[in-house]
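Student: Sharing a model that was predicted from the sequence below.
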Amino acid sequence: MKSDKEQIDKASSGEADMKVKPIFEREYDTADKKLADKVAIVTGGDSGIGRAICIAFAREGAKVAIVYIDDDTDAKETKKLVEEKGSEALLINTDISIEKNCKKIVQKVIDKWKRLDILVNNAAVQFPAAIEKIEEKNLLKTFRTNIFSQIFLVQAALPHLKEGSSIINTTSSTAYTGNPFLLDYSATKGAIVTFTRSLSGILNGKKIRVNAVAPGPIWTPLIAATFPDETLDTFGKDTPMQRAGQPAEVAPAYVFLASDDASYITGQVIHINGGTIVNG
């Protein structure tokens, strides 16, 4: 048993006495750009949170594949904004709910840039409806787009990802709080949380990190297009901050999780929801 003096000496010893020193700064920490030379795929990258992610990634030096469906005007604008940051962009217009299309996305990126470092599964659809009104076609579309596509894209991307790569999935605050008019959407977002946690354990051995971001009420085209006009004026005002968030307030979390700033984080969910306390 150690004497009182020995215990005091150990408790008061400083870093100079440690055989293995803690690391307080890495070479990476002094780099100008956190994602320099990395290549990212961002689904739903044409607008809203996806556009903000693409711009933020480009600002930090990443090349970005902007995956979208049909809205060429928004997608071309996002590509322009990425290029204005001095980076490169690739537009891919396809339906990610179909497995073969997800394989083609990854192959196009590899053909162009010969590598893939970051996969952001961000695209989603929602069809607000009471439980009695949910239509089978919308139910299938919601699940195939929101969660099936994430599995398809991970399967296609894995052969090209390597140690230090990052997968980031967009879930939602509705995965934790629910929403009476977004029952099927909320269910897919809950599935994404479980998918993220399970996948992180699977890929720990490969040193590929898997995390998620759970936005709360964020002002995006999806909200404006799917909610009744009379609810838009109060959108987000039930949060502690009493307002909706902006895509620019969400995107930095994706940069953090994609970069070596988050090198000791996997299987986690970052909540960006205006201060709402959630369990899990």
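Tutor: Arrived safely.
Student: ranges for the helices of the stretch 1-150 of the chain?
Tutor: 4-12, 48-59, 72-84, 99-113, 136-143, 149-157 (DSSP state H, counting those that start in this stretch).
Student: May I see the buried residues of the top helix by length along the chain?
Tutor: Once the chain is assigned using DSSP state H, the helix that runs over the most residues is helix 183-203. For helix 183-203, the buried set under the neighbour-count rule, 16 or more other CB atoms under 10 Å, comprises 183-193, 195-197, 199-200, 203. C-beta here means a position set from N, CA and C on the backbone, and glycine is covered the same way.
Student: Flag the shaky bits of the stretch 151-280 of the chain, pLDDT-wise.
Tutor: Along the stretch 151-280 of the chain, the parts satisfying pLDDT under 70 run over 280.
Student: mind listing the strands for it?
Tutor: Counting by DSSP state E, counting those that start in this stretch, one finds strands in the stretch 151-280 of the chain at the ranges 166-170, 209-215, 269-272.
Student: want to throw these into JSON lines with distance to residue 65?
Tutor: Written out in JSON lines, the entries for the strands of the stretch 151-280 of the chain read as follows (distance: least, CB to CB, whole Å):
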{"stretch": "strand 166-170", "distance to residue 65": "14"}
{"stretch": "strand 209-215", "distance to residue 65": "19"}
{"stretch": "strand 269-272", "distance to residue 65": "23"}
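Student: Make TSV from those strands and add mean neighbour count to it.
Tutor: Written out in TSV, the entries for the strands of the stretch 151-280 of the chain read as follows (neighbours: other CB atoms under 10 Å):
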stretch	mean neighbour count
strand 166-170	26
strand 209-215	26
strand 269-272	19
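Student: returning to that earlier point: for the longest helix of the chain, name the packing helices and strands.
Tutor: Under the contact criterion of 3 or more CB pairs under 8 Å, 6 or more residues apart in numbering; DSSP states H and E, the helices and strands touching helix 183-203 comprise helix 136-143, helix 149-157, strand 166-170, helix 174-177, strand 209-215.
Student: for these, which one sits closest to residue 70?
Tutor: Ranking these by proximity to residue 70 (CB to CB) places helix 136-143 first, at 13.8 Å.
Student: who's in contact with that closest one?
Tutor: The list of residues contacting helix 136-143 from outside it, by CB atoms under 8 Å, 6 or more residues apart in numbering, reads 97, 125-127, 129, 184-185, 187-188.
Student: Show me the two of these that sit farthest apart.
Tutor: With CB to CB as the measure, no two of the contacts of helix 136-143 lie farther apart than 97 and 129, at 18.9 Å.
Student: Look at those two and report which has more neighbours.
Tutor: Higher neighbour count among residue 97 and residue 129: residue 97, with 21 against 17, using other CB atoms under 10 Å.
Student: Wait, residue 59 touches residue 83, no?
Tutor: No. With contact defined as CB atoms under 8 Å, residue 59 does not reach residue 83; the gap is 11.9 Å.
Student: who's more crowded, the two?
Tutor: Relative neighbour count places residue 59 above the other of residue 59 and residue 83, with 19 against 13, counting by other CB under 10 Å.
Student: so what's the more buried one up against?
Tutor: Going by CB under 8 Å, 6+ apart, residue 59 touches 33, 85.
Student: and it, how far is that from residue 221?
Tutor: 22 Å (CB to CB, to the nearest Å).
Student: Could you do residue 173 as well?
Tutor: Counting by CB to CB, the gap from residue 173 to residue 221 is 19 Å.
Student: Equivalent analysis for residue 94, please.
Tutor: Computed with CB to CB, the distance linking residue 94 and residue 221 is 19 Å.
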